[in-house]
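Q: Here you go, sequence then predicted model.
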Amino acid sequence: MKSHESKQTTDHDTIKKWVEARQGRPAMVEATDQGKDGGVLRIKFQDHTKETLEEISWDRFFRIFDENNLQFLYQENTREGNESRFFKFTKK
């Protein structure tokens, strides 16, 4: 597999290492929680300006991740060899 090809995982350590290597933090879209752990997950990067995101703990992030039966689709590097921030949450 080439380093620019997408990979997928459910491994918490792999996800956390990938995110933190890119100065990211676990987050969810504000106002999507509705009182239970069912918020829309995101990764908040230092230069993130699009959506209003609420940073959450890794414990809460992985509880939502597991309860929603998600996988983490990600890319290590771009085709050009630069570090990639491409990721997506998908259903298993």
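A: Cool, got the structure.
Q: Pull out the buried positions in stretch 73-81.
A: For stretch 73-81, a neighbour-count test (16 or more other Cβ atoms under 10 Å) marks 74, 75, 76 as buried. (C-beta placed from N, C-alpha, C; glycine too.)
Q: these two touch, right, the second one and residue 6?
A: Yes: at 5.2 Å, residue 75 and residue 6 qualify as touching, with contact defined as Cβ atoms under 8 Å.
Q: what touches both of the two?
A: Residues touching both residue 75 and residue 6 comprise residue 86, with contact defined as Cβ atoms under 8 Å, 6 or more residues apart in numbering.
Q: Span of stretch 42-55 from start to end?
A: 9 Å (Cα to Cα, to the nearest Å).
Q: What average pLDDT does that stretch get?
A: Stretch 42-55 carries an average pLDDT of 81.
Q: Now the buried residues of stretch 73-81 in TSV, please, with extra columns for distance to residue 18.
A: Conversion of the buried residues of stretch 73-81 to TSV gives the following (distance: Cβ to Cβ, whole Å):
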residue	distance to residue 18
74	6
75	9
76	8
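Q: In strands, which of those residues appear?
A: Members of those lying in strands (criterion: DSSP state E): residue 74.
Q: With pLDDT and distance to residue 82 added, can I get the buried residues of stretch 73-81 in a markdown table?
A: Formatted as a markdown table, the buried residues of stretch 73-81 follow (pLDDT from 0 to 100; distance: Cβ to Cβ, whole Å):
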| residue | pLDDT | distance to residue 82 |
| --- | --- | --- |
| 74 | 97 | 15 |
| 75 | 95 | 11 |
| 76 | 94 | 10 |
